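# attaching a predicted model along with its sequence, questions to come.
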Amino acid sequence: MMYHTHLAFGVLFALLALAFIHPANKYIFIAIVVFAALLPDIDHENSKINSKIPGLKVFSKIFGHRGILHSVWIPLALWLIIDIGFNSRYGSAVFIGYISHLVSDGLTKAGINMVHPLKQLRIQGFIETGSVVEHLVFLFVCILCVILVLQ
Ligand SMILES: [Zn+2]
């Protein structure tokens, strides 16, 4: 998925999560979710997040694209570290944003392995990254976000 589609999914997941989670500041919560929705692609050399934040490209050299950084282990670890280690309620925001990225990449033909490298728990869909279908999904997610905000 392209970065703007990940952003849209991040906003959607944040808005849905706010029905269940009541953070101290919902705008900070949404911002963290959206940022975390871009994080997994630090394993892709030419990703948007790597072009914006210097130094992150090193992860693309160490880890393969859609490998361990596109598994559930990283968001689980971040959630535990932030919530327990730093006693912050925003660990769930990182988790939700990260998961939104994994779910949306799971809609692509290339798919992802959610439990890499332990086993194969592959999720994949029918969407070609950058295709017209992805643009339509992006539009649909944006419309859902607007509906949720207006509720
Ligand atoms: Zn990705």
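Looks like it arrived, so ask away.
# which secondary structure element is home to F138?
Under the criterion of DSSP states H and E, F138 resides in helix 132-150.
# for that helix, packing partners?
With contacts defined as 3 or more C-beta pairs under 8 Å, 6 or more residues apart in numbering; DSSP states H and E, the packing partners of helix 132-150 are helix 3-17. Where you see a C-beta, it was placed from the backbone N, CA and C, and this is true even at glycine.
# coming back round to it: does the helix holding F138 reach the ion?
No. Contact of helix 132-150 with the ion (C-beta under 5 Å from the ion) is absent, the minimum separation being 12.6 Å.
# mind listing what's buried in that helix?
Residues of helix 132-150 classed as buried: 134, 137-138, 141-142, 144-145 (neighbour count, 16 or more other C-beta atoms under 10 Å).
# closest to the ion among these?
Nearest to the ion among these: E134, at 12.6 Å, using C-beta to the ion.
# just confirm I21 is within a strand.
No. Per DSSP: H, G, I helix; E, B strand; the rest coil, I21 lies outside any strand segment and is coil.
# quick check, G125 in contact with T108.
Yes. Between G125 and T108 there is a contact under C-beta atoms under 8 Å: 6.0 Å.
# who in the protein is up against the ion?
40-41, 105.
# how about those residues in JSON lines, adding secondary structure?
JSON lines is the format used below for those (three-state DSSP):
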{"residue": "P40", "secondary structure": "helix"}
{"residue": "D41", "secondary structure": "helix"}
{"residue": "D105", "secondary structure": "helix"}
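# between the residues you listed, which is closest to R89?
P40 (22.1 Å; C-beta to C-beta).
# counting neighbours, what do you get for the closest one?
Other residues within reach of P40, judged by other C-beta atoms under 10 Å, total 28.
# hmm, what's the outermost residue in this protein?
Q151 (24.2 Å; C-alpha atoms, centre = their mean).
# find me the pLDDT at that one, would you?
Per-residue confidence (pLDDT) for Q151: 90.
# show the subsequent helix or strand relative to the helix or strand of the chain with the lowest mean pLDDT.
When each helix and strand of the chain is scored by mean pLDDT, DSSP states H and E, helix 58-62 comes last, with a mean of 91. Remark: after helix 58-62, the chain's next helix or strand is helix 73-80, criterion DSSP H and E.
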